[in-house]
Each structure stands twice: as C-alpha cells, then as structure tokens.
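Colleague: Predicted model, plus sequence, below.
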Amino acid sequence: MKIATYNVNGVNGRLPVLLRWLNETAPDVVCLQELKAPQENFPEKAINDAGYSAIWHGQKSWNGVAILSRLGEIKEVRRVLPGDPDDEHSRYIEAIINGITVGCLYLPNGNPAPGPKFDYKLRWFERLTIHAAELLASGTPVVLTGDYNVMPTEIDAYKPERWVNDALFRPETRAAFKTLVAQGWTDAIRKLYPTEIIYTFWDYFRDAYGRNAGLRIDHFLLSPGLESRLVAAGVDRNVRGWEKSSDHGPVWIQLAD
DNA sequence: ATGCCGTGGAAACCACGA
C-alpha cells in the first residue's frame, strides 16, 4: 500500500500537475494540503476520472485538505482537529482506508514569530499532540501525514542558521515536534534514511530547486504497529521541476500488506 | 538573507505562504 502526501498550493491551478503525477506514480492513498478552494470548487470529477474517490474539506482562498483513494471506500472519521470549536481553518481531515487510520494535516505556518500567528501554531500543535495520543491509545494502525511546517533537525534545512528565528525552526516548534514523536511515532523518512539530506520543499525564488536549497517539512508519522510494515519511502522531487509546479514535492511511503 | 514568486480573490492591489 503506497500512501503519499502533497501540498499542492492550489488544487485547481495545480490540476494538470496533480493528474500527471497520479498517473505516473499511482499512489493508493493521497493526502493533499493547501487546496485553496471552497468546498464546491474541488475538482471531484477530474479526480474520479483518474481513478480516485475523494473526501475533502475546502475553504475559500486558503488552507483546505483532502484524502484520495483508489482502494475503494474512504470512511471519514472527522474533518476538524478536536480541541477548539472557534478554529475555522480547514487543516485536518481523517479517514479509515483498508483498516488504516489516515490523518491528513496542514499545520499552521506560524510566521511572523513571535506573535499571534505563532501562538496559533503552537496551540494547534498541542491539539494535534493530544489527538495523536488518543489515536495511539486506540491501538489501531495510524498514519499522520502532511505539511507539518517544521524542520525537525538541522539537517532538514539547507542553511539552518538562517532559520533559527523562523516559526518553522524555532526551538518551541522543534520541541513540539519532538514531544509528538516521543509518544511513540516513527518518522518514516528518517527511519529509512537517518542521515541523508532529503528535502520536500523548495522556494519559488532564486532558483532554490536548481540549487537544492530546500527544507524537509512534509512528514509521515507511523504508529508502532505500522513501523514494521514500512518497506520504502521517498520524495518525488522531479515533480518540483515540472512546469507550474507547487513549491512542495510529493512524499510517499510503501507499506507491506 | 528581505516573499525576489505564485495563488486566489477582489478589484487593478492585497493577503498569505515558508
């Protein structure tokens, strides 16, 4: 079972790239972030025609998350991260597919930091950590994936010294990620590639992709029951070089059946 | 070492992203 995550930065503007990538790499399950489309403007037909069913939680202009599957039924569990009824951002959706709980998340950017946006990021992180603990306690296999907007360690940024005061790399942010993982989650990329330079995002400016000036901010966290089933993982970094690409590349894992 | 580019939506600029 191949599961992928892809921050598309606009699902309609990105549709040709998304469809080409689906066709070429054929993931079984796909988590999308930054749809940047209201609920009624999701390109459901094009995605169905590509062989995928979909659930999504849209929002006008910003955010928005979706889960795609070509394995049949997507049993939606929730489309809101618990813990704050006043949070109106579409940043989380969760479903059960083939017995695996898939949480698709778009963690807030948090810049500028410090400030209210950074506070919101840390609060969102706390809510995610509480919910993640409940998922672990349930004992079911869980994949928590998406754009975490965190470089977990120094090797996850091309020039970490430039990011120390940024919301994606500040000590509070890295500590929050560390606390989450310490519950018992496995960072899939780092389990298979503990020390390699692997990026999932390249800025649009200054030929960042051409210079490989990237960041690793899109992650897969696996519950203990799934860790032993992890057989492969990677980044489809070539997609970042396509015309009209997102600034993120797709990331994927392969789980043994 | 700075949204320099890109997207969406509204209004011919602005908010937002990382």
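Modeller: Perfect, thanks for sending it. Because the structure is predicted, anything quoted here is derived from the model rather than measured.

Colleague: For chain A, which residues are neighbours of DNA strand B?
Modeller: Where chain A comes near DNA strand B, counting by CB under 7 Å from any atom of the strand, the residues are A:7, A:9-14, A:34, A:36-38, A:41, A:60-62, A:108-109, A:111-112, A:117, A:147, A:149, A:162, A:166-168, A:201, A:203-206, A:215, A:217, A:244, A:247-248. Yep, even glycine has a C-beta here, placed from its N, CA and C like the rest.

Colleague: The closest residue to A:Arg91 other than its chain neighbours: what's it in contact with?
Modeller: When the adjacent residues along the chain are set aside, A:Arg91 lies closest to A:Tyr106, with 4.5 Å between them (CB to CB, 6 or more residues apart in numbering). Contact partners of A:Tyr106, counting by CB atoms under 8 Å, 6 or more residues apart in numbering, are A:7, A:33-34, A:63-65, A:91-92, A:146-147.

Colleague: and these, which are buried?
Modeller: A:7, A:33-34, A:63-65, A:91-92, A:146-147 (16 or more other CB atoms under 10 Å).

Colleague: Against A:Phe177, how distant is A:Glu196?
Modeller: For A:Glu196, the distance to A:Phe177 equals 19 Å [CB to CB, to the nearest Å].

Colleague: where exactly do the helices run in chain A?
Modeller: Along chain A, the segments classed as helices by DSSP state H run A:15-25, A:44-49, A:116-138, A:171-181, A:188-192, A:224-227.

Colleague: which of the ones you listed is buried the deepest?
Modeller: Of these, the one with the most neighbours on average (mean count of other CB atoms under 10 Å) is helix A:188-192, at a mean of 20.

Colleague: Let me know the pLDDT of the closest residue in space to A:Val29 that isn't next to it in sequence.
Modeller: Ranked by CB to CB, 6+ apart and with sequence neighbours excluded, the top spatial neighbour of A:Val29 is A:Ile3, at 4.5 Å. pLDDT for A:Ile3: 98.

Colleague: residue contacts, A:Ile3?
Modeller: A:Ile3 touches A:27-31, A:102, A:143, A:145, A:220, A:252-253, A:255, counting by CB under 8 Å, 6+ apart.

Colleague: from these, which is closest to A:Leu122?
Modeller: Minimum distance to A:Leu122 across the contacts of A:Ile3 is 20.5 Å, recorded for A:Thr145 (CB to CB).

Colleague: Contacts only, for A:Val239.
Modeller: A:17, A:21, A:245, A:249-250.

Colleague: could I get these as TSV with pLDDT?
Modeller: Putting those into TSV (pLDDT from 0 to 100) gives the following:
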residue	pLDDT
A:Val17	97
A:Trp21	98
A:Ser245	96
A:Gly249	98
A:Pro250	98
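
Colleague: wait, doesn't A:Val11 sit right on A:Pro38?
Modeller: No. With contact defined as CB atoms under 8 Å, A:Val11 and A:Pro38 do not form a contacting pair (11.0 Å).

Colleague: Of these two, which one has the most company?
Modeller: More crowded of A:Val11 and A:Pro38, by other CB atoms under 10 Å: A:Val11, with 25 against 13.

Colleague: State the pLDDT value of the residue lying closest to the more buried one once chain neighbours are set aside.
Modeller: Nearest in space to A:Val11, with sequence neighbours left out and distances taken as CB to CB, 6+ apart, is A:Leu35 at 4.3 Å. Note for A:Leu35: predicted pLDDT of 98.

Colleague: Could you pull up phi and psi at the closest residue in space to A:Gln39 that isn't next to it in sequence?
Modeller: In space, and not counting its chain neighbours, A:Gln39 is closest to A:Gly58: 3.9 Å by CB to CB, 6+ apart. Note on A:Gly58: its backbone torsions stand at phi -90, psi 170 [degrees, to the nearest 10].

Colleague: Test my guess that A:Gly58 contacts A:Glu34.
Modeller: No. Using CB under 8 Å, A:Gly58 is not in contact with A:Glu34, being 11.0 Å away.

Colleague: Thank you kindly, that will do.
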